[in-house]
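> curious how this folds, go ahead:
(one chain, ligands or ions: 1)
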Amino acid sequence: MESALFIVATPIGNLADISQRALDVLAEVELVAAEDTRHSRQLLQHYAISTPMVAYHEHSDERTPGQILSLLEQGGAVALVSDAGTPLISDPGFRLVRQVQEAGFKVVPVPGACAAIAALSASGLATNEFLFAGFLPAKGSQRETRLRELASYRGTLVFYEAPHRVADTLADMVNVLGAAREAVLAREVTKAFETIRRGSLAELEAFVAADANQRRGEIVLLVAGAEKVVSELDTPTATLLQQLAEEMPPKRAAAIVAEFSGLRKKQLYDYLLAQKGS
Ligand code: SAM
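Now for the predicted structure:
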């Protein structure tokens, strides 16, 4: 086996979702660096793999990276796994990959499950362009700000969300992105209670409120991209723009609002034109 750090994807629920290549690599490397060794040990045991393991997380001290680098220096091979899915995707490993590359060693991906991609592929939302936004901030005000930043993005938005926050997040999405925006709740993907539910944000908010089970387990939230210019503006921005446009030419109003909001002048101008025509 070549000397490298292998980034090995593991299942996100269904233990069969692992490639033969991933199993071969995990069995053949000298060391498996895992986010949680107890958790990953169960996976390795399931496949009768007894490779030694070491804990690696983003706050690991330098001992683990040091151990990995010295193994690579000796011509050895190391695998990195996380608790589930693809390492580095909302999971530890970024720092390690950089360290290994900077020390002149190879980093090799061994692809497989990723909750964001699995959910997207079965969501029924557009897949030609999407933005993986990871976890939204836990605090309500910061979450709203982040949603506002993403509100006018045209592709599908993909978020990871904790079950105890999903109701609040959907409520914020209704407020910021609009009740009618299409979205998907993808819960427990590849597991026994897999749920992939598409509807408007308001429908999903009601669905989650009505059934406590929908607030359990692991969740990916996907939101359709902004379609019409009209739906891209939050209420305060739209109101300010319209009031200014009553006092001055629409181009000037759009320029002023663009400066304070960070939105594109053209987008704001088009919004005013659309309002006029509607
Ligand atoms: N690296 C992982 C991947 O490739 O998907 C993601 C790790 S991140 C720390 C964990 C989050 O991923 C969960 O909180 C949930 O939002 C999402 N997730 C993981 N497994 C999932 C599943 N089976 N169904 C739905 N979402 C899942």
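
> the spatially most central residue of the chain in helix, strand or coil?
Central residue of the chain (CA atoms, centre = their mean): residue 134, 3.0 Å from the mean position. Here residue 134 is recorded as strand under DSSP: H, G, I helix; E, B strand; the rest coil.

> where do the helices sit along the stretch 51-200 of the chain?
When assigned using DSSP state H, counting those that start in this stretch, the helices of the stretch 51-200 of the chain occupy the ranges 63-73, 94-102, 115-121, 140-150, 166-177.

> now the fourth one and helix 166-177, what's the angle there?
It refers to helix 140-150. 50 degrees (axes from the mean of the first three to the mean of the last three CA atoms, to 10 degrees).

> what's the neighbour count on the closest residue to the ligand within the stretch 1-150 of the chain?
Using CB to the nearest ligand atom, the single residue of the stretch 1-150 of the chain nearest to the ligand is residue 85, 2.4 Å away. The C-beta positions use only the backbone N, C-alpha and C, and glycine is treated the same way. Residue 85: 25 surrounding residues under other CB atoms under 10 Å.

> turn the helices of the stretch 51-200 of the chain into a markdown table, including mean pLDDT.
Below are the helices of the stretch 51-200 of the chain laid out as a markdown table (pLDDT from 0 to 100):
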| stretch | mean pLDDT |
| --- | --- |
| helix 63-73 | 95 |
| helix 94-102 | 97 |
| helix 115-121 | 98 |
| helix 140-150 | 95 |
| helix 166-177 | 96 |
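
> tabulate those (JSON lines), appending distance to the ligand.
Shown next, in JSON lines, are those (distance: least, CB to the nearest ligand atom, whole Å):
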{"stretch": "helix 63-73", "distance to the ligand": "19"}
{"stretch": "helix 94-102", "distance to the ligand": "12"}
{"stretch": "helix 115-121", "distance to the ligand": "3"}
{"stretch": "helix 140-150", "distance to the ligand": "15"}
{"stretch": "helix 166-177", "distance to the ligand": "9"}
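
> could you dump those helices into a markdown table with mean neighbour count added?
Below are the helices of the stretch 51-200 of the chain laid out as a markdown table (neighbours: other CB atoms under 10 Å):
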| stretch | mean neighbour count |
| --- | --- |
| helix 63-73 | 16 |
| helix 94-102 | 15 |
| helix 115-121 | 20 |
| helix 140-150 | 15 |
| helix 166-177 | 20 |
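
> okay, those in a markdown table with distance to residue 48 next?
Shown next, in a markdown table, are these (distance: least, CB to CB, whole Å):
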| stretch | distance to residue 48 |
| --- | --- |
| helix 63-73 | 23 |
| helix 94-102 | 27 |
| helix 115-121 | 26 |
| helix 140-150 | 44 |
| helix 166-177 | 37 |
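
> what's the closest of the ones you listed to residue 222?
Across the helices of the stretch 51-200 of the chain, the minimum distance to residue 222, taken as CB to CB, is reached by helix 115-121, at 6.1 Å.

> now the closest one: how far from the chain's centre is it?
Averaged C-alpha coordinates place helix 115-121 at 9 Å from its chain's average position (CA atoms, centre = their mean, to the nearest Å).

> check which helices and strands it sits against.
In terms of contacts (3 or more CB pairs under 8 Å, 6 or more residues apart in numbering; DSSP states H and E), helix 115-121 is packed against strand 156-161, strand 182-187, strand 219-223.

> how about TSV for those, with distance to the ligand, mean neighbour count and mean pLDDT added?
Compiled in TSV, the helices and strands packed on helix 115-121 are given as follows (distance: least, CB to the nearest ligand atom, whole Å; neighbours: other CB atoms under 10 Å; pLDDT from 0 to 100):
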stretch	distance to the ligand	mean neighbour count	mean pLDDT
strand 156-161	3	22	98
strand 182-187	6	24	98
strand 219-223	4	24	98
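
> so which of those gets nearest residue 213?
Among the helices and strands packed on helix 115-121, the nearest to residue 213 by CB to CB is strand 182-187 (8.7 Å).

> which residues touch the residue lying closest to residue 126 once chain neighbours are set aside?
Of all residues not flanking residue 126 in the chain, residue 156 sits nearest, at 5.3 Å (CB to CB, 6 or more residues apart in numbering). Applying CB atoms under 8 Å, 6 or more residues apart in numbering to residue 156 gives the contacts 120, 123, 125, 126, 127, 129, 130, 131, 222, 223, 224, 225.
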